[in-house]
Structure formats: C-alpha cells, structure tokens
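Student: got a predicted structure plus its sequence, pasted below:
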Amino acid sequence: NQEKTALFTIFGGTGDLAKRKLYPSLYRLYKKGFLKEHFAVIGTARREWTNDYYREIVMETIKDLADSTEEATKFASHFYYQAHNVTDTEHYSELKELSTKLDEKYQLENNRIYYLAMSPNFFGTITEHLKAEELITNDGFNRLIIEKPFGHDYESAAILNDQIRASFHENQIYRIDHYLGKEMIQNISAVRFANAIFESMWNNRYIDNIQITLSESIGVEERGGYYETSGALRDMVQNHILQVVSLLAMEPPIELKDEEIREEKIKALRSVRIFKPEEVRHYFVRGQYGASTVHDEKSLGYREEQNVDPASQTETFVAGKVMIDNFRWAGVPFYIRTGKKLREKGTQINIQFKGMPLNLFSEDHTTPQEPNVLTIYIQPTEGFSLQLNSKKIGQGLETELLNLKHKNSAETSANSPEAYEKLILDCLNGDSTNFTHWDEVAQSWKFVDVIRQAWNKETPEFPNYPSGSMGPVCSDQLLEKDGFKWFWNP
Ligand code: NAD
C-alpha cells in the first residue's frame, strides 16, 4: 500500500470519538502500511496530559488490534499532546510551533489534516484561528474533517458553513457522515451500476416502493442530554437517511468519481419534494418509546432516561414518505423509518418491485402475488437477498416464496475496514466521494426544517410505542393507506 504523508491535528483528542474510533482507525491504516514513518498526530484538548500519558491512552485504545507491544509503542511514538482551550489564541501559536517541528522531524511535506472531534459550537472558532494564526500551510494539502451535527436547522448550518468557509475552501472540507463509510452503502452503486437486471428496472415503471429502515434496539443510554436537543429527525433523517435516499435515487454518474457522484446526489436531493406545512402530517409521523417489560426485564421509557425531561416531546422514532419529483421516480414512495428501543437491530433497504399484471396462479387471476423484493443488508451483517416466487413442490399450481440470500460471514464483515478507517484514508487521498457537500447538507435541512416546524406547533401524544415494538401504530398506517406494509427481512 502506498504510504501517505500527513500531520493530523485532532481537536478533542481526549474525547470518546477519538478513543473509540479515530485512534484504532489510524492504527489499522498503520498496520496496512498506509501510514508508516511520515505521519504524526497532535492530540489537543483541555486536560493537562503529558506526551507519555497520551501515548499510553492511545496504546490502550488499540490493545486488541496490535500484534505486539513494540509495534504499538512504535505507532504511539508518533503521537503528541498539547493541552489548551480552543478559544485561546495563544493555543494556536503553540500548535503552530509544534506542527512545524513535527513537519520537519517526520518530513510531512506540509500536509495537514485537522480533525474536529468536539462540539460543533467550537468549529467556527477553531477554523477562524487556524487561518488567522497561519496554521494552514501554503504548500502541501490542508484538509478539515468535521463531525456531525452540522447545524440544527438550515439557518444555523448556513452560519456555521460561512464561518468555516472563511478559512477553508469547500474542496478542503470533509463533512463526516460515517454511514457513507460503510461497505454496503458504497455497495449501492455496485448493485445499481454493475447489474443490468437491476439498473434496467430502477425506475417508477418497475419499482413500487422503496423502504429504508434504521432500527436500533438500544435506547438513548447516556446520550439523553444530547438527544433532547436533537431527536430522531435531526439525528438520523437529515444526514444518514437522506444520504441513502440520494444514493438510491441518483442518476448514473459519468464516472465513479467524487465530483460526478456528488453532482448526481445533489440533483436527486433537489428533486425531493419539500412539503407544505399542512402536508407534513400526511407524510411524516413520529413516536417516543414508553416503558415495557421485555423477557421479564423492565425497559425504561424515554421520559425516565437519564438527563431527559420527564415531559419530553423529543421523538425517538420517525417514519415518513419521501417523494422524488423527477422522471425516474415520480409516484414511487421512499418510505423511511428509524427509531430507538425497537424490536429489531439493524439497517436494511428493501426495494419492492411491481407485481405481475395478472396472477395465473390464483383461480380468479386477480389475487396479487407476493412482490419481488431486493433487500440490501447494511448492518450488522452485510449482504443481499432477493425474494422470488416459485412453484410449490407437489400437485397443483401453487406458488411459494423463496429468498436468494447472500450474507457476508461474520469473519468477512469483521475484516472489512471500519467506516472511520475508510473515511480517513479517503481524506488522505483527497477523495471526498463519501463525505457530504454543503449543497447536500443545505438541501437536507430545508426538507427537514418544514417537518420540524410543523411538529413544533403540535403537542404529540407521547409515549406512543412500547419499547421492543416496531414503533407506533401511525407508522404502519402510513403505509397501509397506500396499500403497502413494512418489510423486515431477517
Ligand atoms: P466528548 O465530549 O467525548 O469529547 C469532547 C472533546 O473536546 C474532549 O476531548 C474535550 O476535552 C474537548 N474539549 C471540550 N471543550 C474544549 C475546549 N474549550 N477546548 C479544548 N478542548 C475542548 O465528545 P465526542 O463524543 O468525542 O464527540 C465529538 C464530536 O463527534 C461531536 O461533534 C459529536 O457530535 C461527534 N460524534 C461523536 C460520536 C461518538 O461516537 N462519540 C459519533 C458521531 C459523532
């Protein structure tokens, strides 16, 4: 593997994300030879840590991955820690000094990746200082990776974007949506553009509806404080789900290159119908989990969780019908749902094809046959299944359903690169395919804002689904009124 050269500066270097995802991902890249001698990492946060202590922490985060202590120690020796508050200007001159020093020591060619793994409140301050204090180099590359959430509505996102763009060009900004780093999300393009049987049918003539389900079995756990300010609509729909919608709906790009794909995704997102306030109730429903007893164990309701308002109106479940008003998709509903404390755990996409014009296998010829459904399993197990009708063995002409299924083995899934690993490597390669462009973020917020605003005007009857169910009744009704039902393909 070709070695990459860069200095990583991780803001929020003592945080949860850094420890759980970033350090292990950097280590995997190291083991695979993408990072060798010519890289260094500066971790920065408020706590006073020494380099030695920092390296111990880094080694702790990779202890299950490292083959030997020597290897881990060698890797960790590239890590440097600097304590400071990001709002303090002095911090940046010290950072600059350290950066220059490391640049020389490791011959980093002035390549810099700034990773903002901390609260978005600080994104603007940090980027402003990086420019003002001249941490952005003139030669070499300078790239900025930022975490979600990107704003909490269109307006705040636009302000944040302006702040960041005052220091970095759009093509230097890598907005993380870790869903885009997942193997099977990237596989959507392969399913569509490498298989004539699907691409030829990938339109409103042959597809009845598409369903995207992101189902979590856990509750908010200790993230109650954050979740109260977000809710499922902002936390999942604005980013992950609309990204998946755009990948499923986009036109074939001229090439599988970042700019080409992005252009098609943006076009798809621009075709997503933005509802009028009074239409929202017909297209979107929300829910919040209540307490229940599952297998003799009491499961808390959302309002009883830590750091959650006992009268909270925050939704932990959303289901909706997204319409895409273009030639390919006019009339085809994209049903989406996501929620916490649901019965199932996993993400899958179900594409339901249209039925036969006539059912020769039923006496009256009109009872519809079961539809063909293509399932794309995203997580935890990756794979596909195709639901087909076949003749039931024996006398008569009855049909039965069969599933052609391919699921990656647990081993293959375990060996597939972790989302963050892929995304960091993409960034090192200057490939922004799997990051979100501002135009996508902006369009997604415009779609979500109308729903949020309509919901804010009404008091929901929460809780409305028990923990361990598949969400509120209104979610099933949303499809029933169109003559469909939710698929969950185990
Ligand atoms: P965290 O609270 O664990 O870490 C925050 C870090 O910022 C700490 O290192 C803290 O010391 C530092 N910090 C806070 N204020 C500072 C200041 N004024 N000056 C210098 N340093 C300061 O947060 P996290 O869970 O690691 O999340 C970081 C970002 O990643 C957030 O934007 C979050 O939304 C996003 N994110 C996290 C996860 C996750 O799994 N943890 C997943 C997706 C997105």
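Tutor: Now that the structure is in, tell me what you want to look at. Please read these numbers as outputs of a predicted model, since none were measured by experiment.
Student: beta-bridge partners for residue 389, please?
Tutor: With DSSP bridges applied, residue 389 shows beta-bridge pairing to residue 401.
Student: ok, it - contacts?
Tutor: Counting by C-beta atoms under 8 Å, 6 or more residues apart in numbering, residue 389 makes contact with 361, 369-370, 372, 399-402. In this view, the C-beta of every residue, glycine as well, is placed from N, C-alpha and C.
Student: so which of those wins on neighbours?
Tutor: Using other C-beta atoms under 10 Å as the neighbour criterion, residue 372 leads the contacts of residue 389 with 20 neighbours.
Student: quick one, phi/psi of it?
Tutor: phi -80, psi 130 (degrees, to the nearest 10).
Student: pretty sure it sits against residue 385.
Tutor: No: Residue 372 is beyond contact range of residue 385, at 11.0 Å (criterion: C-beta atoms under 8 Å).
Student: and residue 401, what pLDDT?
Tutor: Looking at residue 401, its pLDDT is 94.
Student: can you report how many residues lie near residue 425?
Tutor: When neighbours are counted by other C-beta under 10 Å, residue 425 comes out with 20.
Student: next, it: secondary structure please.
Tutor: Secondary structure, DSSP: H, G, I helix; E, B strand; the rest coil: residue 425 is helix.
Student: not counting its neighbours along the chain, what's nearest the spatially most central residue of the chain?
Tutor: Among the residues of the chain, the one closest to the centroid is residue 179, at 2.8 Å (C-alpha atoms, centre = their mean). In this structure, residue 179 finds its nearest non-sequential neighbour in residue 240, 4.2 Å apart by C-beta to C-beta, 6 or more residues apart in numbering.
Student: of all of this structure, which residue lies closest to the ligand?
Tutor: Relative to the ligand, the nearest point of the chain is residue 15 (2.3 Å; C-beta to the nearest ligand atom).
Student: contacting residues around that residue?
Tutor: Residues near residue 15 by C-beta under 8 Å, 6+ apart: 45, 117-118.
Student: so which of the residues you listed reach the ligand?
Tutor: Filtering the contacts of residue 15 for neighbours of the ligand using C-beta under 6 Å from any ligand atom leaves 45, 117-118.
Student: now, of the residues you listed, which are buried?
Tutor: 45, 117-118 (16 or more other C-beta atoms under 10 Å).
Student: with secondary structure, pLDDT and distance to residue 289 added, can I get those in a markdown table?
Tutor: Output for those, formatted as a markdown table (DSSP: H, G, I helix; E, B strand; the rest coil; pLDDT from 0 to 100; distance: C-beta to C-beta, whole Å):
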| residue | secondary structure | pLDDT | distance to residue 289 |
| --- | --- | --- | --- |
| 45 | strand | 96 | 34 |
| 117 | coil | 96 | 29 |
| 118 | coil | 94 | 29 |
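Student: dump those residues to CSV, plus distance to residue 277.
Tutor: Listed next are these as CSV, based on distance: C-beta to C-beta, whole Å:
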residue, distance to residue 277
45, 42
117, 36
118, 35
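Student: helix, strand or coil: sort out residue 80 for me.
Tutor: Secondary structure state of residue 80, per three-state DSSP, is strand.
Student: now do the SS call for the closest residue to it other than its chain neighbours.
Tutor: Computed as C-beta to C-beta, 6+ apart, the closest residue to residue 80 that is not its neighbour in sequence is residue 42, at 5.1 Å. Put simply, residue 42 is strand when judged by three-state DSSP.
Student: what is the burial count for residue 42?
Tutor: The tally of other residues near residue 42 (other C-beta under 10 Å) stands at 22.
Student: residue 450 against residue 273, yeah?
Tutor: No: applying C-beta under 8 Å as the test, residue 450 and residue 273 come out as separate, 10.2 Å apart.
Student: quick check: neighbours shared by these two?
Tutor: Jointly contacting residue 450 and residue 273 under the rule C-beta under 8 Å, 6+ apart is no residue at all.
Student: which of the two has more neighbours?
Tutor: For the pair residue 450 and residue 273, the greater number of neighbours falls to residue 450 (19 against 13), based on other C-beta under 10 Å.
Student: list the contacts of that one.
Tutor: The neighbours of residue 450, taking C-beta under 8 Å, 6+ apart as the test, are 274-277, 280.
Student: from those, list the buried ones, please.
Tutor: Neighbour-count burial (16+ other C-beta under 10 Å) applied to the contacts of residue 450 gives 275, 280.
Student: just the contacts of residue 15 now: which is nearest residue 192?
Tutor: Closest approach between the contacts of residue 15 and residue 192, by C-beta to C-beta: residue 117, at 32.9 Å.
Student: where does residue 48 fall, phi/psi-wise?
Tutor: For residue 48, the backbone dihedrals are phi -90, psi 100 (criterion: degrees, to the nearest 10).
Student: if we ignore the residues flanking it in sequence, what's nearest it?
Tutor: That would be residue 83: by C-beta to C-beta, 6+ apart, it lies 4.7 Å from residue 48.
Student: quick check, that neighbour in contact with residue 51.
Tutor: No: when contacts are counted by C-beta under 8 Å, residue 83 is not listed as touching residue 51 (10.9 Å).
Student: show me the strands in the stretch 301-450 of the chain, by range?
Tutor: Ranges of strands in the stretch 301-450 of the chain, per DSSP state E, counting those that start in this stretch, are 317-322, 334-339, 346-353, 373-379, 383-391, 399-407.
Student: which stretch among these comes nearest residue 231?
Tutor: Across those, closest to residue 231 is strand 317-322 (C-beta to C-beta), at 8.1 Å.
Student: sorry, back to before: residue 83 and residue 51: which has the busier surroundings?
Tutor: Each of residue 83 and residue 51 has its neighbours counted (other C-beta under 10 Å); residue 83 has more, 17 against 14.
Student: count of residues packed around residue 109?
Tutor: Residue 109, neighbours per other C-beta under 10 Å, totals 15.
Student: residues in contact with it?
Tutor: Applying C-beta under 8 Å, 6+ apart, the residues near residue 109 are 5, 38, 103, 139-140.
Student: filter these to the buried ones?
Tutor: Using 16+ other C-beta under 10 Å, the buried members of those are 5, 38, 103.
Student: kindly reformat the residues you listed as JSON lines containing secondary structure and pLDDT.
Tutor: JSON lines is the format used below for those (DSSP: H, G, I helix; E, B strand; the rest coil; pLDDT from 0 to 100):
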{"residue": "5", "secondary structure": "coil", "pLDDT": "98"}
{"residue": "38", "secondary structure": "coil", "pLDDT": "98"}
{"residue": "103", "secondary structure": "helix", "pLDDT": "97"}
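Student: which single one of those is nearest to residue 454?
Tutor: Closest to residue 454, out of all of those and judged by C-beta to C-beta, is residue 5, at 49.9 Å.
Student: quick one: residues contacting the closest one.
Tutor: 38-39, 107-109, 111.
Student: swap in residue 433?
Tutor: By C-beta under 8 Å, 6+ apart, residue 433 lies in contact with 256-258, 261-262, 426.
Student: no further questions, thank you.
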